[in-house]
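> could you work out the structure for the sequence below:
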Amino acid sequence: MTHLRIVARLDVKAPNLVKGVRLEGLRVLGPPAEFATRYYADGADEIHYQDIVASLYGRNGLRDLVEATAMSLFVPLTVGGGLRSVEDIRVMLRAGADRVSLNTAAIARPDLIEESAHVFGVQCVCIAVEAVRAGTGWEAMTDCGREHTHRDAVDWAEEAVARGAGEILLTAIDRDGTRKGMDLALLEAVRDRVDVPVLLHGGAWTAAHVREAAAAGASGVHLASMLHHGATTIAELKRDLAEAGVEVRP
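All right, here's what the predicted structure looks like:
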C-alpha cells in the first residue's frame, strides 16, 4: 500500500533554519537540528535539509548537521544544495543521508543524473524542479529560484526521469510561503509525464491543502511554513488525513 509521505522541509542558511516567501525575504527561525528533532518526534516520515546558498557559494555546508542528525534521528534523510559531482554526493551519503536532491548542477550537466544513478542507485537520486509560472506553463529555475533556465519545467522533469532520477520534487515558487494552497496543476502536468514518485512543495497551510495534493496524485508533500509557524503539528495533520481517508504512516 502506498502512503502519502509527510516530509519536514528545512531550508538552511548556516547555521540557521530560515523561511521566506517565494524563496525570498528569508526570516531566521532558529537552530535546524532542534526543529528536525521536534518533527521526528512528532512523526515525520522524512527530513529534508536544503542548503539554500550552497549553489551560490559553490559548496554544501551541511555535512556536520547531516552527521549529527543521522546519529540521533532514525528517519530517512534527504540533503540538497550545492552538490555538483558524484564525489559530493558520496560525501553526503557517507555522512548519513539516504538520498540527495539535485537541481542546479543537474541542469548544468544532465549527465550527472545518469552517473549518480549508476553509482548509487536511482533510489538515491531525487531531482528538484523549482518551477515558476511562465505563460501557460512553468519555467525551471536554478540557484534557489534566482536564475532562469528558459527550460520548460515539465519537459525537464520528464528528461530527468529518463536519465535516472528516482523521484521528482516539485517546488512551486509562486506558491512558496504564501499559505494559499499547493499548485495542483503543476503536479498533474508532471504526474502525466513520469512514472516515478512526485512530491509537491510550496503553499500548504491546512490539512485540506494536503488532502488536495494527495487526491491529485502526490506521492508526498514537503511542509515548511505550516510546521515552522505552528499551523498544525505532523501528528495532528496525520490524524486529519487519516480521518479523511488518506493513507498515512502512523
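> now name the helix or strand holding the residue nearest to the spatial centre of the chain.
Nearest residue to the geometric centre of the chain (Cα atoms, centre = their mean): L169, 5.2 Å. Per DSSP states H and E: L169 is located in strand 167-172.
> tell me the strands beside that strand, with direction?
strand 125-134 (parallel), strand 198-201 (parallel) (DSSP bridges).
> quick one, what contacts the residue nearest to the centre of the chain?
With contact taken as Cβ atoms under 8 Å, 6 or more residues apart in numbering, L169 is in contact with 101, 126-129, 198-199, 201, 222. From N, CA and C alone the C-beta is placed, and that goes for glycine too.
> identify the bridge partners of it.
A128, L199.
> so L77 sits right up against S101, yeah?
No. Assessed by Cβ atoms under 8 Å, L77 is found out of contact with S101, at 11.0 Å.
> who touches both of these two?
Shared contacts of L77 and S101, counting by Cβ under 8 Å, 6+ apart, come down to H48.
> all strands of this structure, in order?
Taking DSSP state E as the test, the strands found in the chain are 5-13, 16-21, 24-30, 46-51, 77-80, 99-102, 125-134, 137-142, 147-152, 167-172, 198-201, 220-223.
> looking at the ones you listed, which has the lowest confidence?
Mean pLDDT per stretch puts strand 24-30 lowest among the strands of the chain, at a mean of 84.
> point to the helix or strand of the chain where mean pLDDT is at its lowest.
helix 54-57 (a mean of 71; mean pLDDT, DSSP states H and E).
> separation between the residue nearest to the centre of the chain and A242?
24 Å (Cβ to Cβ, to the nearest Å).
> circling back: P31: which of the contacts of L169 is nearest?
Comparing the contacts of L169 against P31 with Cβ to Cβ places H222 closest, at 19.9 Å.
> and G217, what does it touch?
Listed by Cβ under 8 Å, 6+ apart, the contact set of G217 reads 187-188, 191, 198.
> let's see it at 7 Å
Contact analysis of G217 by Cβ atoms under 7 Å, 6 or more residues apart in numbering lists 187-188, 191.
> could you dump those into TSV and include neighbour count?
Formatted as TSV, those follow (neighbours: other Cβ atoms under 10 Å):
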residue	neighbour count
L187	23
E188	14
R191	22
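> what's the closest of the residues you listed to A208?
Nearest to A208 among the contacts of G217: L187, at 15.5 Å, using Cβ to Cβ.
> so what's the residue count around the closest residue to V21 other than its chain neighbours?
Spatially, and ignoring its direct neighbours in sequence, V21 is nearest to G177 (3.6 Å; Cβ to Cβ, 6 or more residues apart in numbering). By other Cβ atoms under 10 Å, 21 other residues sit near G177.
> the nearest residue to R193 once chain neighbours are set aside: neighbour count?
Leaving aside its sequence neighbours, R193 sits nearest to E158 (Cβ to Cβ, 6+ apart; 4.5 Å). Neighbourhood size, E158 [other Cβ under 10 Å]: 17.
> from A207, how far off is E158?
Counting by Cβ to Cβ - E158 and A207 are separated by 31 Å.
> shouldn't G202 be in contact with L184?
No. The criterion here is Cβ atoms under 7 Å, and G202 misses it with L184 at 11.3 Å.
> mean confidence for stretch 180-196?
Predicted confidence along stretch 180-196 averages 98 (mean pLDDT).
> identify all contacting residues around it.
Outside stretch 180-196, the residues that touch it by Cβ under 7 Å, 6+ apart are 131, 138, 154, 157-158, 161, 165-168, 170, 172, 174-175, 198, 200, 202-204, 209, 212-213, 216-218.
> all set now, cheers.
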